[in-house]
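[1] build the 3D model from these lines:
(2 chains)
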Amino acid sequence: MNMKDKADFEIKEQETIVRLKAIQNEIQMKDGAKNMAKRKIINGLDKGKKTRKVRFILALGTALLILAMVMSVSVLVFPDIAVRYAGALPIVKELVQEKDDVITLNEKICSLQDEISEQESVVMYLEAQIKELEKKLKQISDEKIPEVITSKNEDEMLNIQLQSLTVNFVKAMYRGDFEEAAQFCTPEFSVTVTDHPDRIIMRKENAVVFTQITNIARAEDGTYLVFLRLNDSDDGEADYQIDFEVIEKDGKYLITFAGMNA
Amino acid sequence: MEEELVIKSKRGDKEAFSQLVDGYYNQMFLLSLSILKNPYDAGDACQEGFLTAYRKIRSLRANNRFKSWLSKIIWNCSKDLYVKNKRSPLSEEFIDLGEFYKEDTLKNADVYHYLLQLKDEYRDVLILRYFHDLKLKEIARLTGRPVGTVKSRLRYALMAMKGLMENEYEG
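    This is a model prediction of the structure:
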């Protein structure tokens, strides 16, 4: 793309954005339709308000009840109050003893807490170590690629099947065999692959190296996500990531989206 | 002005909230319609969304971000209804906007129809970014996709949209 084409492209893109932004203010609902919808909402607000009032009264009642309970047992709970008003009673002496025990227990708890926080830092260190170990080298479609575990509970057979699919797709793209790459995709996405391969991959002449792959994760809508990191530069510094989305269609797994993670 | 209405609504001022409904209903209906492709469902989702917004408005921290905040609520209500109903859209390619919208404001409705023709994931990012001014991070959070994916989808979506518009002019 030369400078002029690039400038034209950017101008047209800006025009598209301007027109898109304009729609929401241009298109106006008919007053009748809007007023009816608005009335329904405003009527609904009253219902919500009544519910909130009821909730507030219930919460206030509960708070008052708790306060009354706290006040009635406080003389028994706090020995200092009892000593001041009825120091000679045996039950008060017992309460004082209980208080001393509680203080001793508190001290023990404090020292235990110190130990726990020490243990926690050890656990954090170990967790970091485990995370490193989770990046294991994995054989995927004739390539040894470090795998990062980002999600759990997915079938390992399916995991390797989908990872291989993405790796084979990238290899085909780098070979320049877009027809073969398109076969790994849904019919809709295969059009992008054959007609605009540069939108998916910044293909250079160098050999591609796979530097990292995630295990598959399943999105709420059932789409599988795989993130694959590549490197194709001479100096090995230009790592970039391709985000894949894979769906199951008629028992076959097909790529429905692949895009550079900018 | 809008921030004042938001503050008053937080204090339970129904009239102030009704003015916010007045100001944003149109845009929110378009957002919902583009997801559900069914004006009746879009009306239901908007109603649910505005009521939720009224109930939760005290949780909105930045009063000047009301529109983005409301968009997210309407978006979630529309997506929930879409999953719940699984109802077929009235028409896959064309929605008769004339039934709900003023005819004289539909001169550029073709752009909206092109938008509806895009794949869901492309249409979603365009609407969230350019109708509702959401940041890429917010879109990523809402759609459950990484920011990088959102960026590339936005790029493809603009290309696809541009292509549809150019074809129309040439045709």
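[2] ranges for the helices of chain B?
    B:2-10, B:14-36, B:39-56, B:66-85, B:109-117, B:120-126, B:136-143, B:147-170 (DSSP state H).
[3] and the ones you listed as JSON lines, adding distance to residue A:200, mean neighbour count and mean pLDDT?
    C-beta: built from backbone N, CA, C; applies to glycine. Shown next, in JSON lines, are the helices of chain B (distance: least, C-beta to C-beta, whole Å; neighbours: other C-beta atoms under 10 Å in any protein chain shown; pLDDT from 0 to 100):
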{"stretch": "helix B:2-10", "distance to residue A:200": "42", "mean neighbour count": "16", "mean pLDDT": "89"}
{"stretch": "helix B:14-36", "distance to residue A:200": "26", "mean neighbour count": "20", "mean pLDDT": "89"}
{"stretch": "helix B:39-56", "distance to residue A:200": "34", "mean neighbour count": "21", "mean pLDDT": "90"}
{"stretch": "helix B:66-85", "distance to residue A:200": "27", "mean neighbour count": "19", "mean pLDDT": "87"}
{"stretch": "helix B:109-117", "distance to residue A:200": "22", "mean neighbour count": "17", "mean pLDDT": "80"}
{"stretch": "helix B:120-126", "distance to residue A:200": "15", "mean neighbour count": "20", "mean pLDDT": "86"}
{"stretch": "helix B:136-143", "distance to residue A:200": "20", "mean neighbour count": "17", "mean pLDDT": "85"}
{"stretch": "helix B:147-170", "distance to residue A:200": "9", "mean neighbour count": "18", "mean pLDDT": "80"}
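[4] find the closest residue to chain A in chain B.
    Nearest residue of chain B to chain A, counting by C-beta to the nearest C-beta: residue B:148, 2.8 Å away.
[5] residue A:122 and chain B, how far apart?
    In this view, residue A:122 and chain B are 33 Å apart by C-beta to the nearest C-beta, to the nearest Å.
[6] pull the contacting residues for the residue of chain A found nearest chain B.
    Of all residues in chain A, the one sitting closest to chain B is residue A:261 (2.8 Å; C-beta to the nearest C-beta). Contacts for residue A:261 (C-beta atoms under 8 Å, 6 or more residues apart in numbering or on different chains) come out as A:227, A:240-243, B:146-149, B:151-152.
[7] could you identify the helix or strand that succeeds the worst-scoring helix or strand of chain A on mean pLDDT?
    The weakest-scoring helix or strand in chain A, judged by mean pLDDT, DSSP states H and E, is helix A:79-86 (a mean of 65). Downstream of helix A:79-86, the next assigned helix or strand under DSSP states H and E is helix A:90-134.
[8] I am finished for the moment; much appreciated.
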